[in-house]
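A.B. asks: give me coordinates for this.
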Amino acid sequence: MGAHVRLAGPDYDEHVALNPQEEEEAPLFYYKDDPSRDARSVRGCFLDEIYAKPRLEQKLADFYFDGDVPYMRDNVHCLTDAQWRCFFEGYLVEPLPRAERKYAVVFYGVSGYTGSLVMEYLKRECLDDVNVCFAGRTLHKVIKMRDKVLQGTRWANCDCVSCDLKEPFEVEALVSSCRVVCNIAGPFMLTGGERLVEACIHYDTDYCDVSGEIPWSAKLLEFHDVARDAGVYIVPSTAYAGGLPDIMCYAMAKEAREKYDEQLKEFHGYVSMYQEREGTVGASGGTLSTRAAMASGDAWVRKVMTDPFALGGAVENGEREEDQDRVLTKVFRDGAIKSWVAPHVYAFFETRVVRRSNELHRTLVGGPDKGPFYGEKLNVTVYTLMPSEAAAKEFKKSGSTSTKAEEERLKKEGKYYGPGEGPPLDDLFEIGVYSLYHGVGITESGKKVCWSIKGRDGYFETARMAVEAALAMSESGDELRSGSESVRGGVLTPGIAGKHVLFDRIRAAGMGFIDWSPGTSWDGVKPDDRLGVDVWGNKATPPPVAE
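C.D. replies: Residues are numbered from 1 along each chain as shown. Predicted coordinates for the structure are as follows:
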């Protein structure tokens, strides 16, 4: 891609005579002095740094003056136009075609808790045999985590590399070595991951991450048009939070079109957790840090956090009552699933992701403005399932959506984890923690699609989603970009990027599934009659029945 794109002008006083014909033919990429950019803008964050004057001078000195910058400054005027052109043509790496790159996936930021779970997932359940690499800012921490988790497995000798996101040439080397970068280094609002994103767009490398941050996703929207034109997938939120309901809604909307020839009018997600044995589960330090970063943001962050359509997908100018965030804070008995419900900590985030998918499906699938809506008037809600009204009210009162309240509760229970820490995976497996996500899709005429997906705890399932999303893009990139459901590129959602390929992958890799839509074998079966039935591959509490 690099050879076909004219870059932002380098910040050096005596540069380059470009061929006028090449300049006319090549499309613009980013301009350092683009008047539409403001202080918050992420466009040019990588290219501005790689073309910064000190870096240009050092590279130029290395190229022609034996690395002597002062000598170069005294003699730079002697360079011919041909020498300048040669220098700038080789200044940025020209990546190999994707199929020829060394790594299928580079996992970045793996020295923390989620990174350890990514490695645990590779070790325990990943079905692919591909060449991956682990990366992070501090190499010895990356190696230490690899050796701790993967010793004695087929992944034990995977390469480890260091990469500081503030060093653009290290970022360049990283993204040009692989087909996909999977970024696990959060909180994403604070760690400079936008440099990775822009570099991926420039070097024809797909990108995904495990973010659960509305402001981060909103920030990346600035890259959408250029990523679409470049044919690169930029996919934040390939995690259990956001990613799982999103891919679920995609598949259920597809089922409604194929089975009933109708759009979805409503999609309702419900989250519950099941434990086979007694035990307390805490939130990871990274999760709490992320929530704190969003809660303490500036005016723009607060505005984005409170806009139900911050990521797009507004219906009726975004003014419908059923789309407002206040609807998600209620406690009531939900007739769609015959259960009491309470607020879900990620409801604001997940509803925004699905709304964006609905809009992207119409605008991108099959080509510009060719795909159908999931539902032109789609309403999306997400709640936590509760066993009773009292339990639901107590759950809300305890501060289910409050970072500070949750932190205090976890400290009292001895389950508070600091940055880079989280519940030990062996403990979670020992007490048998399972996450259940139930979806009820209702069409325009009232027909229903009712599915449930079951996995391990949400942290392990985040690792599954991240790994499988990265591998879907790496190993099935041609399939994702061809056919009637194809999408060329852009800032996408897991459902739009992964489609049936990702949905099939997570099921094949171990996530349980039940179709309990009207007319199926589970239609009308009472919840108590399903207890102990091994329908998931592991015993777990089954979903409630839709009315």
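A.B. asks: what pLDDT, on average, does the helix or strand hosting residue 62 get?
C.D. replies: Under DSSP states H and E, the secondary-structure element containing residue 62 is helix 53-64. Averaging pLDDT along helix 53-64 gives 93.
A.B. asks: any regions of the stretch 401-547 of the chain where pLDDT drops low?
C.D. replies: Low-confidence segments of the stretch 401-547 of the chain, defined by pLDDT under 70, span residues 401-420, 523-547.
A.B. asks: go with 80
C.D. replies: Scanning the stretch 401-547 of the chain for pLDDT under 80 picks out 401-422, 430-432, 520-547.
A.B. asks: show me the strands in it, by range?
C.D. replies: Remark: strands assigned in the stretch 401-547 of the chain by DSSP state E, counting those that start in this stretch are 433-443, 448-456, 490-491, 512-515.
A.B. asks: and for the chain?
C.D. replies: Along the chain, the stretches classed as strands by DSSP state E are 103-108, 132-136, 159-162, 178-183, 206-209, 233-235, 264-275, 332-334, 339-343, 379-386, 433-443, 448-456, 490-491, 512-515.
A.B. asks: a markdown table for these, including mean neighbour count and distance to residue 218?
C.D. replies: Every C-beta, even on glycine, is put in place using the N, C-alpha and C of the backbone. Listed next are those as a markdown table, based on neighbours: other CB atoms under 10 Å; distance: least, CB to CB, whole Å:
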| stretch | mean neighbour count | distance to residue 218 |
| --- | --- | --- |
| strand 103-108 | 26 | 21 |
| strand 132-136 | 25 | 26 |
| strand 159-162 | 17 | 30 |
| strand 178-183 | 27 | 17 |
| strand 206-209 | 30 | 14 |
| strand 233-235 | 28 | 13 |
| strand 264-275 | 21 | 21 |
| strand 332-334 | 15 | 29 |
| strand 339-343 | 22 | 22 |
| strand 379-386 | 24 | 17 |
| strand 433-443 | 23 | 24 |
| strand 448-456 | 24 | 27 |
| strand 490-491 | 28 | 10 |
| strand 512-515 | 17 | 32 |
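A.B. asks: for stretch 53-61, buried residues please.
C.D. replies: Burial within stretch 53-61, assessed by neighbour count using 16 or more other CB atoms under 10 Å, is assigned to 55, 56, 57, 59, 60, 61.
A.B. asks: ugh, wrong one, stretch 384-396
C.D. replies: If you call a residue buried by 16+ other CB under 10 Å, then stretch 384-396 has these buried ones: 384, 385, 386, 392, 395, 396.
A.B. asks: residue 465: which of those is nearest?
C.D. replies: When those are compared for distance to residue 465 (CB to CB), residue 384 wins out at 19.4 Å.
A.B. asks: enumerate every residue touching the nearest residue to the closest one once chain neighbours are set aside.
C.D. replies: By the measure of CB to CB, 6 or more residues apart in numbering, the closest residue to residue 384 outside its immediate chain neighbours is residue 344, 4.4 Å from it. Residues touching residue 344, when contacts are defined by CB atoms under 8 Å, 6 or more residues apart in numbering, comprise 271, 328, 350, 382, 383, 384, 400.
A.B. asks: okay, who's weakest in these by pLDDT?
C.D. replies: Across the contacts of residue 344, the bottom pLDDT score, 54, is held by residue 400.
A.B. asks: quick one: low-confidence ranges for the stretch 201-350 of the chain?
C.D. replies: Within the stretch 201-350 of the chain, the stretches falling below the threshold (pLDDT under 80) are 274-297.
A.B. asks: try 70 this time
C.D. replies: Along the stretch 201-350 of the chain, segments meeting pLDDT under 70 span 278-296.
A.B. asks: for it, what spans make up the helices?
C.D. replies: Listed in chain order, the helices found in the stretch 201-350 of the chain under DSSP state H, counting those that start in this stretch are 214-220, 224-230, 240-260, 285-295, 299-305, 347-364.
A.B. asks: possible to save those as a markdown table with distance to residue 112 and mean neighbour count?
C.D. replies: Compiled in a markdown table, the helices of the stretch 201-350 of the chain are given as follows (distance: least, CB to CB, whole Å; neighbours: other CB atoms under 10 Å):
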| stretch | distance to residue 112 | mean neighbour count |
| --- | --- | --- |
| helix 214-220 | 17 | 23 |
| helix 224-230 | 27 | 19 |
| helix 240-260 | 17 | 24 |
| helix 285-295 | 6 | 20 |
| helix 299-305 | 23 | 15 |
| helix 347-364 | 21 | 24 |
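A.B. asks: could I get the ones you listed as JSON lines with distance to residue 203?
C.D. replies: Rendered in JSON lines, the data for those read as follows (distance: least, CB to CB, whole Å):
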{"stretch": "helix 214-220", "distance to residue 203": "17"}
{"stretch": "helix 224-230", "distance to residue 203": "10"}
{"stretch": "helix 240-260", "distance to residue 203": "24"}
{"stretch": "helix 285-295", "distance to residue 203": "28"}
{"stretch": "helix 299-305", "distance to residue 203": "29"}
{"stretch": "helix 347-364", "distance to residue 203": "22"}
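A.B. asks: closest to residue 102 out of the ones you listed?
C.D. replies: helix 224-230 (21.2 Å).
A.B. asks: would you mind pulling up the elements that the closest one packs against?
C.D. replies: Counting contacts by 3 or more CB pairs under 8 Å, 6 or more residues apart in numbering; DSSP states H and E, helix 224-230 is packed against helix 193-202, strand 233-235, strand 490-491.
A.B. asks: off-centre distance for the last one?
C.D. replies: Mean C-alpha position of strand 490-491 versus that of the full chain (CA atoms, centre = their mean, to the nearest Å) differs by 12 Å.
A.B. asks: give the contact list for residue 142.
C.D. replies: 110, 111, 134, 135, 136, 160, 161, 162.
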